[in-house]
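Colleague: 3D model of this:
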Amino acid sequence: MILLSRDCSDLCFEAKANVARRTELAVAAGCLAHWVRIRTLHFAVTGPVLLIAGGAFLLSAVARVRVDASWVWTFVAIGTGAAFLLEWRCAKRPASRP
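Modeller: The predicted model follows:
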């Protein structure tokens, strides 16, 4: 029974890691597509940040390189926060309409 439980936990861990990789890569693709279409600054920054994060998760799965997920998510949070801060401070805003 203990062996079965350990196998299930390994399987669940692998499923969670698989979802993280796919999610990061899908969101990165969405950000880059929005950047091409809309040209907002935060998409130009968050797209590569999320692509790097997805690549790190993918590298950990394919090459069995140990990647600490907390560092990756910290990198994503800081990169996303910096992108929105840059957008808020530096982007041109359309003129307000009366």
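Colleague: And the helices in the chain?
Modeller: Shown for the chain, the helices assigned by DSSP state H span residues 2-38, 41-62, 69-90.
Colleague: Pipe the ones you listed into CSV and attach mean neighbour count per row.
Modeller: From N, CA and C alone the C-beta is placed, and that goes for glycine too. Shown next, in CSV, are the helices of the chain (neighbours: other C-beta atoms under 10 Å):
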stretch, mean neighbour count
helix 2-38, 13
helix 41-62, 19
helix 69-90, 13
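Colleague: any chance of those in TSV, plus mean pLDDT?
Modeller: Output for the helices of the chain, formatted as TSV (pLDDT from 0 to 100):
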stretch	mean pLDDT
helix 2-38	67
helix 41-62	87
helix 69-90	91
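Colleague: For the residue nearest to the spatial centre of the chain, give me its contacts.
Modeller: Geometric centre of the chain, nearest residue: residue 50, 3.3 Å, by C-alpha atoms, centre = their mean. By C-beta atoms under 8 Å, 6 or more residues apart in numbering, the contact list for residue 50 reads 24-25, 27-28, 31, 76, 79.
Colleague: Correct me if wrong: residue 42 contacts residue 84.
Modeller: Yes - look at residue 42 against residue 84 with C-beta atoms under 8 Å: they come within range, at 5.3 Å.
Colleague: Residue 82 contacts residue 46, doesn't it?
Modeller: No - applying C-beta under 8 Å as the test, residue 82 and residue 46 come out as separate, 9.2 Å apart.
Colleague: Can you list phi and psi of residue 67 for me?
Modeller: Per-residue torsions, residue 67: phi -120, psi 120 (degrees, to the nearest 10).
Colleague: Distance-wise, check the closest residue to it other than its chain neighbours relative to residue 21.
Modeller: Setting aside the residues directly before and after it, residue 67 is nearest to residue 60 in space (C-beta to C-beta, 6 or more residues apart in numbering), at 3.9 Å. Distance of residue 60 to residue 21, given as C-beta to C-beta, to the nearest Å: 8 Å.
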